[in-house]
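Peer 1: pasting the structure only:
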């Protein structure tokens, strides 16, 4: 068994949450390329060096701590949502750091560590690992902008000590990522560990409906082409038309809405909103996309609106590697017999991109109340340590 | 019949639009206290003096041209929307000026003229006339700020030649305001004149629904408390429940929506939106308010949302004075028999405030395509002259 040190692991985890601490519970505000994110990555690079790893920060700000020769890559991301929790991503990075430290102290097996950049999608979707895996070209990424119009190209230029080249993936035998579940299942069922069998696919696009801006007092309801009403109608129709296509695990969300001119005395003339949907089955994702496009067309034509679809970002569902998954399941059964389960990941992870280059496995620990992407996100420290132990045992067994 | 001169009236109307000309069609950019607005008011004061009226600019920049002794007050406002038309307000001011000139030349009846300040609400709502009527105290008004944070107190200080005192309303026997309709009815029906029977009342309040912010991938649809879904449900229910309460002239608008945190990968936890409704009948406005409050409660309770109502702003419907209205109707029937109608005003006007101090009457001319609060706003010059003539004939008859 690798000589992991739970106290050192927890101390580093709490040290990391000081970067961008929200001052609300353990919450953090550490979006990609923000000052706290850049400072946190410099701190991480220093911990990697102390652990005897050689640091390479790639051109987009993903931080690698490399072991010599062939190694197992472990990690996640250290950037957060605009209002994020302390464990989302950070847990996988610090657990990987501890396992790597322990294996150096034990004289192997060789483990490398990574913190990918912009997993939370300030600019794209899992941007850093998408670029590394070739799912997104650097040229295309540089043109992406965040909600304030900042370009990715300008944001990544803020990240110091970047290498000119990307890390060669051929040196890695596989990738292991530990993450909080971000859902209610493990917590509700009283399980300590979830071994992921597949990561669901995701589709995400912006839709714009343009009607007619007008005076909210003198324009009769009949004559209106009210963009908010069009959005509300679209939202209701979608729910009806999805009914016989989706499963209880399918989800869809309208999470971003921008009305123009957004004034109480003016009939809104334009709305841009996000439509995102996720499912484990590619075909279903496609059928849902068709319903979304058809419904938007129907709403636009019947109400006299101009319709524009933004580019569709998306990732296909991904199965985890059988050998890595088996090692995680055996470690879980040995450590917490009967208190673990196999489950899909409803959330997207860097592992989705990395799976195009090497075998990938993922491990979940419980999220209290299923809360995530919020300051209130948390996990019992005993569960964090259990996750670290299962991870270390699996790495041992894979050796 | 008063010796009004249509050419002189149209020439002044075109001269006024040169102040703050947008360079797009006949559009103007002349918000309250902007350089063009201040210059336009100086120009107006000069025209009033030429017409033999004594000028008094009140402490908030409303420009009065006073006739001696008891007189009928006529006018509107010469400030514009940030992107406004050339007739909104300006028409009523220049028509009043021409009628006052004609009555001086004819030796009576005595007519005074006014251009109220900030009718378009850079700082408040019909700010100048609201202060004159006592609906808004000067102290409170001075604390109001525009979108850029400029205080009303500082803005009005820019207006030269202000008097220390407000104009005494007791010298006026009534108030007549001509205005463009700002709606599609007269233009669509081919009528030349609309005699206003009432200015609709308005209610406006912000509503906040707070659910649970969560991860858009890992939170099953079942367990969600999605604030956008709650808003959409509220919007649909309102339309159903209003159905047997409203008339074809009733309007309601959700024009402002703020989602939190407004990100495509997060189930929105909170929404604040504006609910504004207008009608000519106070009781109906009250019944609608009850439906709005009950529906919001239903949505909140059934979906597990926390509900907050902001303060309700509003103005009661105002009936036009029977005698003034009768004079306008008879003049319209004499001038354009069968081509005029009685109608409510869906938009707010200075007359709403003035009605608290004296009898008021209002006259509408057609807005081409119903367009207003936009550079494209316009009215056929023949209709402008018809409006002037009907106004003059009514003033004659009232004598």
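Peer 2: Perfect, I can see it now. Treat the numbers as computed from the prediction; the structure is a model and nothing was measured.
Peer 1: quick check: most distant residue from the centroid of chain A.
Peer 2: Checked against the mean C-alpha position of chain A, the extreme residue using CA atoms, centre = their mean is residue A:218, at a distance of 46.7 Å.
Peer 1: find the nearest non-adjacent residue to that residue, please.
Peer 2: Spatial nearest neighbour of residue A:218, excluding adjacent residues (CB to CB, 6 or more residues apart in numbering or on different chains): residue B:183 at 3.5 Å. Yep, even glycine has a C-beta here, placed from its N, CA and C like the rest.
Peer 1: thought that neighbour was touching residue A:222?
Peer 2: No. With contact defined as CB atoms under 8 Å, residue B:183 does not count as touching residue A:222 (11.7 Å).
Peer 1: find me the pLDDT at residue A:370, would you?
Peer 2: Residue A:370 carries a pLDDT value of 89.
Peer 1: so how many other residues sit close to the nearest residue to it once chain neighbours are set aside?
Peer 2: Counting by CB to CB, 6+ apart, residue A:370 lies nearest to residue A:184, which is 2.9 Å off, once chain neighbours are set aside. Counted with other CB atoms under 10 Å in any protein chain shown, the neighbours of residue A:184 add up to 19.
Peer 1: wait, residue A:184 sits on residue A:372?
Peer 2: No. If you go by CB under 8 Å, residue A:184 and residue A:372 don't touch, sitting 10.0 Å apart.
Peer 1: can you list the residues of the stretch 101-250 of chain A near chain B?
Peer 2: Counting by CB under 8 Å from any CB of the partner chain, the stretch 101-250 of chain A comes close to chain B at A:120-121, A:147, A:181-184, A:200, A:202, A:204, A:206, A:213-223, A:226, A:228-229, A:231-232, A:235-236, A:248-250.
Peer 1: same thing but at 6 Å, please
Peer 2: By the rule CB under 6 Å from any CB of the partner chain, the part of the stretch 101-250 of chain A lying against chain B is A:182-183, A:204, A:215-218, A:221, A:228, A:232, A:235.
Peer 1: run a quick neighbour tally on the closest residue to residue A:304 other than its chain neighbours.
Peer 2: Residue nearest to residue A:304 in three dimensions, not counting chain neighbours: residue A:225, with 5.2 Å by CB to CB, 6+ apart. Other residues within reach of residue A:225, judged by other CB under 10 Å, total 20.
Peer 1: contacts only, for residue A:225.
Peer 2: Remark: with contacts taken as CB atoms under 6 Å, 6 or more residues apart in numbering or on different chains, residue A:225 is in contact with A:211-212, A:304.
Peer 1: mind running it again at 7 Å?
Peer 2: Under the criterion of CB atoms under 7 Å, 6 or more residues apart in numbering or on different chains, the contact list for residue A:225 reads A:211-212, A:303-305.
Peer 1: what are the boundaries of the helices in the stretch 1-150 of chain A?
Peer 2: Taking DSSP state H, counting those that start in this stretch, the helices of the stretch 1-150 of chain A run over residues A:6-16, A:35-50, A:90-105, A:127-133, A:138-143.
Peer 1: just checking, what packs against the second one?
Peer 2: Packing partners of helix A:35-50 (3 or more CB pairs under 7 Å, 6 or more residues apart in numbering or on different chains; DSSP states H and E): strand A:54-57, strand A:63-66, helix A:90-105, strand A:111-116.
Peer 1: what are the contacting residues of stretch A:247-261?
Peer 2: Among residues not part of stretch A:247-261, those counted as contacts by CB under 7 Å, 6+ apart are A:213, A:227-228, A:231, A:235, A:242, A:268-280, A:284, A:346, B:216-217, B:220-221, B:228, B:256-257, B:259, B:262-268.
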